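Novice: Sequence first, then the predicted structure, then my questions.
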Amino acid sequence: MHIAITGAAGFLGQRLVHQLLDRGALDGTAIRRLTLIDQAEPPAIEREGVEIRCLALDISSPGALDPVLEARPDVIYHLAAVVSSAAEADLDLGMRVNFDATRALLEGCRAQGLSATRLVMASSVAAYGGDLPEVLDDIAALHPQNSYGAQKAMSELLVNDYSRRGLVDGLVLRLPTIVIRPGRPNAAASSFASSILREPLNGEEAVCPVPTDLDLFVMSPAKVVEALIHGAEVPGEALGPFRAFMLPGITVSVAEMLEALREAAGEEALALVRHEPDARIAAIVGSWPARFTNERARRLGFQSDKNFREIVEAFLDERA
Ligand SMILES: NC(=O)c1ccc[n+]([C@@H]2O[C@H](COP(=O)([O-])OP(=O)(O)OC[C@H]3O[C@@H](n4cnc5c(N)ncnc54)[C@H](O)[C@@H]3O)[C@@H](O)[C@H]2O)c1
């Protein structure tokens with residue numbers, strides 16, 4: 001089994017790489033080859049019996065992925081992206097990386113006849129927006145209210161159409177907001193959702209830019225990686241006519257997140273969170289829905305976290 005991963009140096013990419021290597025197999029077949037792609041060369045990693053190549057490639061430059069696709073990977077994880085605030089700040093960059101490069105990847109699969117290759121692309125809750133019902137089902141329309149969401153939504157349509165035409169075996173997983181990301185804040189509009197927990201748990205100050213009654217739809221890094229792996233294993237026949245759906249997150253308000261912080265680390269930790277409203281962030285994140293039925297994902301065997309407390313405990317265990 002040969003697996004190629006774009007965005008392999010990123011947060012999810014690195015976790016996925018380690019998880020795949022620890023498992024050693026995907027869909028019952030031993031992993032023999034990994035091709036890891038990112039703008040800067042992904043960190044070197046070795047595992048006996050697995051040929052691992054780390055490539056520095058800008059996936060938005062024409063033909064960049066051709067050599068990878070010529071090697072006919074069995075599974076491609078397409079995780080490379082310019083995240084929400086950065087894509088909103090620079091329309092050209094977002095279009096090039098989030099949309100044009102996805103189209104080029106699909107065209108490359110078509111050119112190489114990779115009809116049996118499972119392409120798992122990460123989309124986002126940001127693909128939704130506008131006037132929405134309180135609870136979204138699997139056929140809710142996508143009306144994104146930011147360029148990142150629009151670029152993801154357009155890519156979803158293409159992955160679906162190329163799959164319908166039998167040019168690739170695609171699947172798009174819309175990811176909830178991922179908390180708690182370790183490390184430092186990033187350019188995602190939802191970056192605060194991790195910061196308001198991670199920084200105080202590390203004894204540092206954090207800024208909360210949104211009202212505390214804002215609901216978010218969240219998933220832990222571990223559950224997202226589990227879902228990416230499951231996404232490569234779900235049979236194509238089970239996926240039905242539209243190959244994109246929301247992963248099962250859990251709904252939690254910012255107030256509930258802060259309460260979980262207080263329970264885990266006390267009043268001093270909570271006092272490290274400063275409330276400084278930021279209308280730009282609140283507008284982007286506030287347009288993302290926070291309640292889903294997730295029937296399709298659950299029927300296909302994707303699983304959610306049990307509750308928010310467990311997400312915090314998992315972060316603390318990992319940090320220990
Ligand atoms: N983390 C979240 O909360 C979240 C939520 C929803 C969706 N997603 C999606 O999941 C995927 C992975 O997210 P992440 O959190 O790991 O993000 P990340 O920013 O940590 O990783 C993305 C990687 O893509 C790489 N990249 C960007 N432009 C590139 C280019 N032109 N060529 C090659 N590589 C390039 C970056 O260098 C980075 O390493 C993305 O598609 C993102 O949109 C993430």
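Specialist: Ah, there it is.

Novice: which stretches of this protein form strands?
Specialist: 2-6, 25-26, 29-30, 33-38, 51-56, 75-78, 118-124, 169-175, 177-178, 206-208, 215-219, 244-246, 250-253, 273-275 (DSSP state E).

Novice: could you redo those as CSV and give each row distance to the ligand?
Specialist: C-beta: built from backbone N, CA, C; applies to glycine. Putting those into CSV (distance: least, C-beta to the nearest ligand atom, whole Å) gives the following:
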stretch, distance to the ligand
strand 2-6, 6
strand 25-26, 19
strand 29-30, 24
strand 33-38, 5
strand 51-56, 8
strand 75-78, 7
strand 118-124, 3
strand 169-175, 4
strand 177-178, 3
strand 206-208, 17
strand 215-219, 8
strand 244-246, 11
strand 250-253, 14
strand 273-275, 19
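
Novice: export those strands to a markdown table and tack on mean pLDDT?
Specialist: Converted to a markdown table, the strands of the chain look like this (pLDDT from 0 to 100):
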| stretch | mean pLDDT |
| --- | --- |
| strand 2-6 | 98 |
| strand 25-26 | 96 |
| strand 29-30 | 98 |
| strand 33-38 | 98 |
| strand 51-56 | 98 |
| strand 75-78 | 98 |
| strand 118-124 | 97 |
| strand 169-175 | 98 |
| strand 177-178 | 94 |
| strand 206-208 | 96 |
| strand 215-219 | 96 |
| strand 244-246 | 97 |
| strand 250-253 | 97 |
| strand 273-275 | 97 |
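
Novice: closest one to residue 311 among these?
Specialist: Ranking those by proximity to residue 311 (C-beta to C-beta) places strand 215-219 first, at 7.1 Å.

Novice: Residue of the protein nearest the ligand, please.
Specialist: Nearest to the ligand, among the residues of the chain, is residue 10, at 2.1 Å (C-beta to the nearest ligand atom).

Novice: check contacts around the residue nearest to that residue when sequence neighbours are not counted.
Specialist: Distances taken as C-beta to C-beta, 6 or more residues apart in numbering place residue 79 nearest to residue 10, at 6.1 Å, with adjacent residues excluded. Applying C-beta atoms under 8 Å, 6 or more residues apart in numbering to residue 79 gives the contacts 5, 6, 7, 8, 10, 12, 13, 16, 122.
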